[in-house]
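> Build me a model from this:
(one chain, ligands or ions: 1)
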Amino acid sequence: MLSKNLEKAINSQINFEFYSSYIYLSMSAYFFAENLKGFANWMGVQAQEELTHGMKFFDYVNNRGGRVIVDAIKKPETTWASPLEVFEDTYKHETIVTSRINNIADIALKEKDHATHAMLQWFITEQVEEEANAQELIQELKRVKSSADGLFMIDRELAQRAFVPAPGVTLFGMGAATGGAA
Ligand code: FEO
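Have a look, this model is predicted:
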C-alpha cells in the first residue's frame, strides 16, 4: 500500500507528465505551422511518450492500492521565436521533470518504500536521455544557426523518430488489475 505522501506526489507527477505531453503537442503544432514537419513529428512522438510516462505512474498507483485523482492540466505556451528556443524550453522543462522524479525518489527512500524506489529507476535513467536529447538538438541548431539548408537537414533527420512506449505500460489502465504494469 502506498503512503498518502507518495500517493500525493505520484498523483502530482501524473498531472505533470500529461502537462509535459500537452507542452510537446503545442510545440508540434507550432512546427506544423512553421512547415517543419520533421520537427513536428519529433515533438508529436515526444507528446505520445509523455502520455505513456503518465500511464506508467497511473498503473503503478492502482497496482499498489492507491487512488489516482486527475487534476486540471495547465495551459502550455503556444508560440516560440525559433526552433532553438523550443529546444531550450524543452531542456529547461526536462530538468524540472528530473528534479520532481528525484524528489519522489527521496520520499520513497525516506519512507523505505523499496518498490516505489525501484519503479522510479526507469524514470531516473529516462531523464538522463531526455535531457541529453534536448541538449543534442540545441547544439545542432546552434551549429546551423539560421541556415535554411541546415534546418532542412535536421528536419529530415527528426522525421525518422518513431514512438516507443514506456515499458510495461498497460495503456489507459487496461489490464492494470492483472498486474500488467512493470
Ligand atoms: Fe516524462 Fe519528458 O519526462
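> in stretch 87-107, what counts as buried?
For stretch 87-107, a neighbour-count test (16 or more other CB atoms under 10 Å) marks 87-91, 93-94, 97-98, 100-101, 104-105, 107 as buried. C-beta coordinates here come from the backbone N, C-alpha and C atoms, glycine included.
> do whichever helix or strand residue 108 is part of and the ligand meet?
Using DSSP states H and E, residue 108 sits within helix 83-110. Yes - judged by CB under 6 Å from any ligand atom, helix 83-110 comes into contact with the ligand at 94, 97.
> helices or strands up against that helix?
Counting contacts by 3 or more CB pairs under 8 Å, 6 or more residues apart in numbering; DSSP states H and E, helix 83-110 is packed against helix 4-33, helix 37-63, helix 114-144.
> give me that answer again for 6 Å
Contacting helix 83-110 under the criterion 3 or more CB pairs under 6 Å, 6 or more residues apart in numbering; DSSP states H and E are the following elements: helix 4-33, helix 114-144.
> Could I get the contacting residues of the residue in the chain that the ligand sits nearest to?
As assessed by CB to the nearest ligand atom, the ligand sits closest to residue 53 within the chain, at 3.7 Å. Residue 53 is in contact with 17, 166, counting by CB atoms under 6 Å, 6 or more residues apart in numbering.
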